[in-house]
Structures are given as structure tokens and as C-alpha cells.
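Chemist: I'll drop the sequence and a predicted model, then ask my questions.
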Amino acid sequence: MAKSVVTRRADSPALGSWLREGLGALLLALAAAMAVALFSFTSSDPSFDHATAGPVTNLLGRPGAYASDLLLQVLGAGAGALAILSGVWGWRLARRRCISLPWLRVALLPAALLSLCI
């Protein structure tokens, strides 16, 4: 009888767990950066529609000023909800908790954010 050789495939549980934890950590970092940029938003900072020679007061500097201005102009209150939702999803993935029906949640995310914009 031939011995079966066990090989680790790309879809193995250990590798999938590691990738989910990494994605969770990335989502947590992104959520934290969004929250800091939105919290320190000042309308006097330079942005896509406001040129100024003054200093940037956003805690994340010029990229934070541009990102927070863009998020607030496009999503309004939904920008904060996007930061919170990204943090919750990141926390669940990093803690190895399951996100039920992830494809449905991602598909409905634009409609949920749009409803907050109105």
C-alpha cells in the first residue's frame, strides 16, 4: 500500500485562519485611521475644494485632511458608520469569529451607507 502524503493546500484551515486574522488586523488599522482622521477634521485644512497655505491640523497630516474631507463630502454621517463597521468586522476577523453571510453584508453595505447619507 502506498502511503498518502499530506500537503498543505492554499485553502487549508491554518492558512485561511492566518489570512483572516491578517485581514482583521488590516481592517482594524484602517478603521482606527479613519476614526482619527474624521475626529480631527477641520474645515480650514487643505482639501480637494479648499486651498490654504496654513498649517495642517489633522492628526494624520495632509493625507488625513484629504481623506476625511473626501469621506465627509461623499458619505456624510455614513463616514463614521463606515469606520465603526470596518472596526467591528476587523475585530471579529482578528478574534477568529465568523462573519455570517459575508458576501451579503458586503453587497448591502453601499445601500446602508447611502441610507445614512440622506
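Modeler: Yep, it's here.
Chemist: going by C-alpha atoms from here, please, whenever you check contacts or count neighbours.
Modeler: OK.
Chemist: where's residue 65, which helix or strand?
Modeler: Residue 65 is located in helix 61-75, with elements delineated by DSSP states H and E.
Chemist: give me the residues contacting that helix.
Modeler: Residues outside helix 61-75 that contact it (C-alpha atoms under 8 Å, 6 or more residues apart in numbering) are 34, 37-38, 41-42, 45-48, 56, 58, 78-79, 113-114, 116-117.
Chemist: out of the residues you listed, which are buried?
Modeler: The neighbour count (16 or more other C-alpha atoms under 10 Å) marks 34, 37-38, 41, 45-47, 56, 58, 78-79, 113 as buried among these.
Chemist: okay, buried residues for the longest helix along the chain please.
Modeler: Longest helix in the chain by number of residues, with DSSP state H as the criterion: helix 13-39. Buried residues in helix 13-39, counting neighbours by 16+ other C-alpha under 10 Å, are found at 20-21, 23-28, 30-38.
Chemist: which members of the contacts of helix 61-75 occur in helices, if any?
Modeler: Members of the contacts of helix 61-75 lying in helices (criterion: DSSP H): 34, 37-38, 78-79, 113-114, 116-117.
Chemist: for the helix or strand bottoming out on mean pLDDT in the chain, which helices and strands make contact with it?
Modeler: One helix or strand of the chain scores below all others by mean pLDDT, DSSP states H and E: helix 102-117, with a mean of 74. Where contact means 3 or more C-alpha pairs under 8 Å, 6 or more residues apart in numbering; DSSP states H and E, helix 102-117 is packed against helix 61-75, helix 78-94.
Chemist: just put the ones you listed in JSON lines and tack on distance to residue 106 and mean pLDDT.
Modeler: Shown next, in JSON lines, are those (distance: least, C-alpha to C-alpha, whole Å; pLDDT from 0 to 100):
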{"stretch": "helix 61-75", "distance to residue 106": "16", "mean pLDDT": "92"}
{"stretch": "helix 78-94", "distance to residue 106": "11", "mean pLDDT": "87"}
